[in-house]
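> quick check, what structure comes out for this input:
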Amino acid sequence: MPVNITPEKIKEIAQDIDCGMKCFYHIASGDIVSYPDELKSHGGFDEEMWEDTIDKVENNYKEYIAFEGIESHESFRLMETFINNIADEKTSVYFTESIRRKKPFQQFKFCLQEYADLQQQWYQFKNEQLIKWVDDQLEAYNFKISR
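Sure thing, here's the model as predicted:
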């Protein structure tokens with residue numbers, strides 16, 4: 001079944017799931033609906049504030065494509081892949097050692113703050129990987145993307 005989903009919509013979905021949101025694509029209208037995922041660090045969010053959105057999706061669930069967020073072990077693998085592609089060996093080793101410590105995501109963030117050029121490369125790499133993540137989920141639903 002072809003789905004008219006634009007690259008901009010896929011990018012929006014990728015950004016929402018990166019922010020820890022539950023994200024849904026309404027097949028008929030092409031609207032994107034998102035709300036905080038209580039399992040992705042949004043525990044204790046004001047559910048009442050999102051009640052209409054949650055009800056809208058839950059009451060019409062079959063009309064939506066649901067997108068899963070990326071798990072922390074997969075995010076860690078993305079960091080490792082990025083680090084393995086850093087051209088300067090000394091810098092690559094520095095990053096590798098930093099993510100082997102406690103709080104690897106925080107350590108990685110600190111390293112990126114020291115390397116502005118790598119920080120930009122990281123965000124571009126991460127965005128590309130998240131878009132691929134969304135594309136893979138569409139494929140898993142057996143939807144063909146018409147772009």
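> not counting sequence-adjacent ones, nearest residue to the residue most central in space within the chain?
For the chain, residue 18 is the residue whose C-alpha lies nearest the centre (Cα atoms, centre = their mean; 3.2 Å). Nearest residue to residue 18, sequence neighbours excluded (Cβ to Cβ, 6 or more residues apart in numbering): residue 130, at 5.5 Å. (C-beta placed from N, C-alpha, C; glycine too.)
> cool, and residue 104?
Closest residue to residue 104 apart from its sequence neighbours, by Cβ to Cβ, 6+ apart: residue 76 at 6.5 Å.
> what about the one you found, how many neighbours?
Neighbourhood size, residue 76 [other Cβ atoms under 10 Å]: 14.
> tell me which helix or strand comes right after the helix or strand harbouring it.
Assessed by DSSP states H and E, residue 76 sits inside helix 72-84. Next in sequence after helix 72-84, counting helices and strands by DSSP H and E, comes helix 89-99.
> which elements pack onto that next one?
Helix 89-99 sits against helix 72-84, helix 104-114, with contacts defined as 3 or more Cβ pairs under 8 Å, 6 or more residues apart in numbering; DSSP states H and E.
> in what helix or strand does the closest residue to residue 31 other than its chain neighbours lie?
Leaving aside its sequence neighbours, residue 31 sits nearest to residue 25 (Cβ to Cβ, 6+ apart; 7.7 Å). Residue 25 is part of strand 21-26, with elements assigned from DSSP H and E.
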